[in-house]
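> Return a 3D structure for these sequence lines:
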Amino acid sequence: MQRGGKYPDHPDWTADVCERCGASLGWLTETGRIGLFHDPCMSGGVVVADRDADNDPTQGRKFDGDKLRYDLVPWEPMNDVAAVLTHGAKKYAPENWKYVRGARWRYLAAAFRHLVARATGEKADPETGLPHTAHAICCLLFLGWFDKHEEVVD
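You can find the predicted model right below:
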């Protein structure tokens, strides 16, 4: 384990860096680790914060290296996605999208329209004022739901 750079807002914090792959493993304060840490190079999928558990019986262990990494999802845009869903629930009805005839191809077409609008420089949907990317994400989430529920006939 190497000590890396300084955290910009907290000069007393230092970064841990994996010696094997060079990935940042999180930040250390003077009193210890903060946040969620994962080290893909450790055997057995031990979370980095649990590394010292082998030597200290008062420290817990958690084998979650094979779990989904929700910490990798950029959550900030999800506020816009929720705003799009809220707009749709008010305009139509909550979860109305599940009952739209031809939903699979119509939401695919809508996702493309929003992505093309964004690609050609229009950031916000004129009707809602919300980002085209958030609208496209909603459409793709709907398509993902339909993929998981193929029994639903649209």
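
> now the strands for the chain?
In order along the chain, the chain carries the following strands (DSSP state E): 2-7, 10-17, 24-29, 32-34.

> I'd assumed L140 was in contact with F146.
No: look at F146 against L140 with CB atoms under 8 Å: they stay out of range, at 10.6 Å. From N, CA and C alone the C-beta is placed, and that goes for glycine too.

> who touches both of these two?
Y107 (CB atoms under 8 Å, 6 or more residues apart in numbering).

> quick check: domain ranges of the protein?
2-68, 78-148 (automatic domain parsing).

> Out of these, which gets the lowest mean score?
Comparing mean pLDDT over those, the weakest stretch is domain 2-68, at a mean of 55.

> And for Y70, the neighbour number?
A count of neighbours around Y70, defined by other CB atoms under 10 Å, yields 8.

> quick one: contacts for it?
By CB under 8 Å, 6+ apart, Y70 has no neighbours at all.

> If you tally nearby residues, what's the number for E76?
Neighbour number of E76 under other CB under 10 Å is 7.

> Okay, helices next: where are they in this structure?
78-91, 103-119, 132-148 (DSSP state H).

> I'd like those helices as CSV, with mean neighbour count and distance to D66 appended.
CSV is the format used below for the helices of the chain (neighbours: other CB atoms under 10 Å; distance: least, CB to CB, whole Å):
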stretch, mean neighbour count, distance to D66
helix 78-91, 15, 24
helix 103-119, 16, 31
helix 132-148, 18, 21
